[in-house]
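K.L.:
give me coordinates for this.
(2 chains)
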2 protein chains.
Amino acid sequence: MKYPNTILNLIECFKRLPGIGEKTAERLALSILDIDNETIDIFSSSLKDSKTKIRRCVKCNNLSEEELCEICKDKNRNNEILCVVEEPKNVIQFEKLNIYDGYYHVLDGLISPIDGINPEDINISNIIDRVKEDNIKEIILALKPSIEGETTSLYISKILEKLNVKISKIAYGIPIGAEIDYVDSLTLEMALENRMDITTNKDS
Amino acid sequence: MKYPNTILNLIECFKRLPGIGEKTAERLALSILDIDNETIDIFSSSLKDSKTKIRRCVKCNNLSEEELCEICKDKNRNNEILCVVEEPKNVIQFEKLNIYDGYYHVLDGLISPIDGINPEDINISNIIDRVKEDNIKEIILALKPSIEGETTSLYISKILEKLNVKISKIAYGIPIGAEIDYVDSLTLEMALENRMDITTNKDS
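P.N.:
Residues are numbered from 1 along each chain as shown, chains lettered A, B, ... in the order given. Alright, predicted model coming up:
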């Protein structure tokens, strides 16, 4: 005896999602039986739509349902800054802050030679074209502080060094609210290295 | 700026599943974009099938795609025993053991007056009919050791007491491999109460 095929299929599909193991997949598949018809219809059709409607913005590579994403279509943003992020999710994170009004450039991941991911695989070359064509004054690299993130940041700053553009990197350091004794040593090292001068009477 | 509608819909749908919060729903919705078309098709259609194909077995209330579930259709099982479980998932758990070959009776949950769940809501009355019609000799109550489980077990044994049927309950006690000092006191109390005589020379 096993579950009916429909349930077995659902279990297999849930298992394909990241972080979902056998037990959780089983629990989720069974929970589908208790969900109302309307939600199931939306769920089912959204899954299909994810393959047909969702595409990448031709300009910034963000997720979009049209040729240009909502941000690239918006002409009221600051067109002199470009924030480079690893994936579409990061765009949402920055947008939620409501303090950045430039445009974005979404990579397809980070350079990782060990995984066979090279610069040409992650949509980097477009950045040069955008800097030249769109008159970008500053590139903000907002990649995560890992070997891959640092390698990618370094690579991007290298290929842009001949162009007249300021390149900055978001600050790495101790997160707000953290206890210093719980912060890992690499973060602490970064925080020390990137320390800021806060002398009040600099001229004296 | 927010995600395209398809992604927002997926996030909302994932959030409807048990144990999935905002962050996880977002991660799962985005991960859908990386899954192959074939899996997405199966996922999408299985969701729809869960509402149209999956039904309850008319005899035992187990999940089924036909009028009778696979177990009830099987004539080679021991038709004198009926194992009463809380939900379809439990049937699979018992079947995996490969040591029980009787039939099942699947309840729709457990009696819980505090949540407004009464005996008539959970498919109990059918048990009496089955005991009478199917010549059942033993009812095994395999419900969880909670207030609700105990109440339900007690209720079922009460309504069956006039019928000539043996009623047993699965053993509650210390799980195999557990350290006694980590076991909660209620379990230990149960284990003590349900202690078994293992005297080897009983007659001496």
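K.L.:
burial of A:L68, as a residue count?
P.N.:
Using other Cβ atoms under 10 Å in any protein chain shown, A:L68 has 14 other residues around it. To be clear about C-beta, it is placed using only N, CA and C from the backbone, and glycine gets the same treatment.
K.L.:
oh, that last question was meant for A:E95, not what I typed.
P.N.:
The criterion is other Cβ under 10 Å. On that basis, A:E95 has 16 neighbouring residues.
K.L.:
next one: phi and psi at the residue nearest the centre of chain A?
P.N.:
When chain A is reduced to its mean C-alpha position, the nearest residue by Cα atoms, centre = their mean turns out to be A:E87, at 2.7 Å. As for A:E87, its main-chain torsions (degrees, to the nearest 10) stand at phi -150, psi 160.
K.L.:
any weak-confidence spans in chain A?
P.N.:
Using pLDDT under 70 as the threshold, the predicted model of chain A has low-confidence ranges A:1, A:199-204.
K.L.:
on that earlier part again, quickly note the distance from the residue nearest to the centre of chain A to A:L160.
P.N.:
For A:E87, the distance to A:L160 equals 21 Å [Cβ to Cβ, to the nearest Å].
K.L.:
and for A:I147?
P.N.:
Using Cβ to Cβ, we find A:I147 at a distance of 21 Å from A:L160.
K.L.:
please say which of these two ends up with more neighbours.
P.N.:
Set side by side, A:I147 and A:L160 show unequal neighbour counts under other Cβ under 10 Å, the larger going to A:L160 at 19 against 12.
K.L.:
now that one: closest residue in space that isn't a chain neighbour?
P.N.:
Take A:L160 and drop its neighbours on the chain: the residue closest to it by Cβ to Cβ, 6 or more residues apart in numbering or on different chains is A:I167, 5.9 Å away.
K.L.:
tally of neighbours for the one you found?
P.N.:
Counted with other Cβ under 10 Å, residues neighbouring A:I167 total 17.
K.L.:
can you pull the contacts of it?
P.N.:
A:138-139, A:141, A:156-157, A:160 (Cβ atoms under 8 Å, 6 or more residues apart in numbering or on different chains).
K.L.:
I'd assumed A:L107 was in contact with the residue nearest to the centre of chain A.
P.N.:
Yes - A:E87 is in contact with A:L107 according to Cβ atoms under 8 Å; the separation is 7.3 Å.
K.L.:
quick one, strands of chain A?
P.N.:
A:55-56, A:63-64, A:81-85, A:103-106, A:138-141, A:166-169 (DSSP state E).
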